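In: dropping the sequence and predicted coords here.
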Amino acid sequence: MKKFMNKLTMAIAAVIISATAFAQTYGTLTFTFTQVAHSPCYTGNKNVLAVWIQSSTGAFVKTKIRNAGAGTKDHLPTFATNSGGASSNCLAASCNVVGATSGATLSSFGTKTITWDGTNASGVLVPDGTYKVTIQETWNHGSSTVTKSFTFVKGPNSDIQTPATDANFSNVSLQWLPSAAGVEENNALTGVSVYPNPSTDGLFNIDYAKATSVKVVNTVGEQIYTQDLVNESGTISIDLTAFKNGLYFIYISDGILTTERKIVLNK
């Protein structure tokens, strides 16, 4: 009997450990940073940039930003190899950029915001655990490169950080918010559209039908914007330029039903 109980206890423990190891929490990572301008540079303030998600051991998960051109394709070697290509060509088809914002060499240093829904490049929700958001930036004709990772925990608890400014990145903020800690989007109120999202100038347009109010809430639950609406179809523009880049939650209601959306400021 004692042996049986010991085996049963071990079996239960194994199930608990297994369930914990493969837990998969839905949520949103919002990561914002400002590039510190460098000199000398390419013509003007040109630079190349990549931002991607990795596992704690450095395994590639998902690309979020890739900016490089034909003449700078060899300037993001760490990103290129991590995303599946060769160090000499970050523009190769083998470099995975599914779900990423991609484009040519950047003409200036600026503020960037990315969001991550916890999925890999195939759209599959990844297990909870420790992950890294990694930045690689190159300027000065490829001779000056910096690569930096910020570690966070994807799981049922919020992970909110404000890493210190350094010589390359300032105004850094990182927020992992599980769905239970934020808003699980729904479309209870039909006929609603919010755009552009993300917003690069702080302005959002809302198309609605028979709504009576709109409000915007930040990630700590503070209401930062509210407006009454005429209870008929219409379009309004809301101005959030006074607020910091990052994730916000918008609620559009007709007094009975409410649609909840996540919006991102990326000025």
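Out: Thanks, I have it. Remember, predicted model here, so these are calculated numbers, not experimental data.

In: tell me, how many residues neighbour Thr212?
Out: Around Thr212 there are 15 other residues, counting by other CB atoms under 10 Å. From N, CA and C alone the C-beta is placed, and that goes for glycine too.

In: start at 545, not 1
Out: Sure thing, new numbering starts at 545, so read that last one as Thr756.

In: in this protein, what residue spans correspond to helices?
Out: 546-565, 621-626 (DSSP state H).

In: distance of the most centrally placed residue in the chain from Thr779?
Out: Centroid check for the chain by CA atoms, centre = their mean gives Thr659 as the closest residue, at 1.4 Å. Per CB to CB, to the nearest Å, Thr659 is found 25 Å from Thr779.

In: circling back: rank the helices of the chain by pLDDT, which is bottom?
Out: Least confidently modelled of the helices of the chain is helix 546-565, at a mean of 44 by mean pLDDT.

In: where does pLDDT dip in the stretch 595-744 of the chain?
Out: The stretch 595-744 of the chain contains residues with pLDDT under 70 at 686, 724-731.

In: could you pull out the strands for it?
Out: Counting by DSSP state E, counting those that start in this stretch, the stretch 595-744 of the chain has strands at residues 604-611, 645-647, 655-660, 673-683, 688-698, 703-705, 713-722, 730-731, 737-739.

In: and the ones you listed: which comes nearest Leu573?
Out: For the strands of the stretch 595-744 of the chain, proximity to Leu573 was assessed by CB to CB; strand 655-660 is nearest, at 4.1 Å.

In: gap between the closest one and the chain center?
Out: On the basis of CA atoms, centre = their mean, to the nearest Å, strand 655-660 is displaced by 5 Å from the centre of the chain it belongs to.

In: repeat that for stretch 763-777.
Out: Counting by CA atoms, centre = their mean, stretch 763-777 is centred 24 Å from the centre of its parent chain.

In: next, the distance between the ends of it.
Out: With CA to CA, to the nearest Å as the measure, stretch 763-777 spans 29 Å from end to end.

In: taking the mean pLDDT, what do you get for that stretch?
Out: 85.

In: domain parsing for the chain?
Out: Here the domain parsing of the chain from automatic domain parsing is 571-725, 730-809.

In: deepest-packed of those, please.
Out: Highest mean neighbour count of those: domain 571-725, a mean of 18 (counted as mean count of other CB atoms under 10 Å).

In: report the distance from it to the chain centre.
Out: With CA atoms, centre = their mean, you get 10 Å for domain 571-725.

In: again, but for stretch 568-578
Out: 4 Å.

In: using CSV, lay out the strands of the stretch 595-744 of the chain together with distance to Phe793.
Out: Formatted as CSV, the strands of the stretch 595-744 of the chain follow (distance: least, CB to CB, whole Å):
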stretch, distance to Phe793
strand 604-611, 21
strand 645-647, 22
strand 655-660, 13
strand 673-683, 21
strand 688-698, 20
strand 703-705, 15
strand 713-722, 10
strand 730-731, 12
strand 737-739, 11
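
In: of all those, which lies closest to Gly571?
Out: When the strands of the stretch 595-744 of the chain are compared by CB to CB, strand 713-722 sits nearest Gly571, at 4.0 Å.

In: against which helices or strands is the closest one packed?
Out: Using 3 or more CB pairs under 8 Å, 6 or more residues apart in numbering; DSSP states H and E as the contact test, the elements touching strand 713-722 are strand 571-579, strand 688-698, strand 703-705, strand 790-797.

In: from Val642, how far out is Gly613?
Out: With distances taken as CB to CB, Gly613 is found 20 Å from Val642.

In: quick revisit: show me the contacts for the residue nearest to the centre of the chain.
Out: Neighbour list for Thr659: Thr572, Leu573, Thr574, Phe575, Pro742, Leu791, Lys806, Val808 [criterion: CB atoms under 8 Å, 6 or more residues apart in numbering].

In: let's see 10 Å
Out: Contact analysis of Thr659 by CB atoms under 10 Å, 6 or more residues apart in numbering lists 572-576, 608, 719, 741-742, 790-791, 806, 808, 810.
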